[in-house]
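[1] Sharing a model prediction with you, sequence too.
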Amino acid sequence: MKNINYDLVKLLHLKMDNVWRLEKHYVEDSEKAKCHSVPALKQILAEEKNHVDMLREEISLRAQNDLFN
């Protein structure tokens, strides 16, 4: 696998892990604690989801153009 393709997959995996942790733990924990970080964590979650979508699209485009090898 070319480095760029590995990099994109690795980054996608990391971003998806961040989304999962934010959804399953961090946002909920901050809401339970009634702390001031709730809006910040929700914004980070939204941005991470956007990054996941961007990476999925890039990987898909590379695969469609026979560049994902």
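    Here it is on my side, so go on.
[2] what about the helices in the chain?
    Counting by DSSP state H, one finds helices in the chain at the ranges 3-21, 27-33, 38-64.
[3] could you say what helices and strands the first one packs with?
    So that's helix 3-21. helix 38-64 (3 or more Cβ pairs under 8 Å, 6 or more residues apart in numbering; DSSP states H and E). No exception for glycine: its C-beta is placed from N, CA and C like everyone else's.
[4] which helices and strands does the helix it packs on pack with?
    Secondary-structure packing of helix 38-64 (3+ Cβ pairs under 8 Å, 6+ apart): helix 3-21, helix 27-33.
[5] Next up, the contacts around V27.
    V27 sits next to 38, 41-42, 45 when contact means Cβ atoms under 8 Å, 6 or more residues apart in numbering.
[6] V19 versus that one, what's the distance?
    According to Cβ to Cβ, to the nearest Å, V27 and V19 sit 11 Å apart.
[7] Could you give the separation of the helix-or-strand element of the chain with minimal mean pLDDT from the chain centroid?
    Here the helix or strand of the chain ranked lowest by mean pLDDT, DSSP states H and E is helix 27-33, holding a mean of 96. Centroid displacement of helix 27-33 relative to its chain, using Cα atoms, centre = their mean, to the nearest Å, is 20 Å.
[8] can you pull the buried residues of that helix?
    For helix 27-33, a neighbour-count test (16 or more other Cβ atoms under 10 Å) marks 27, 30 as buried.
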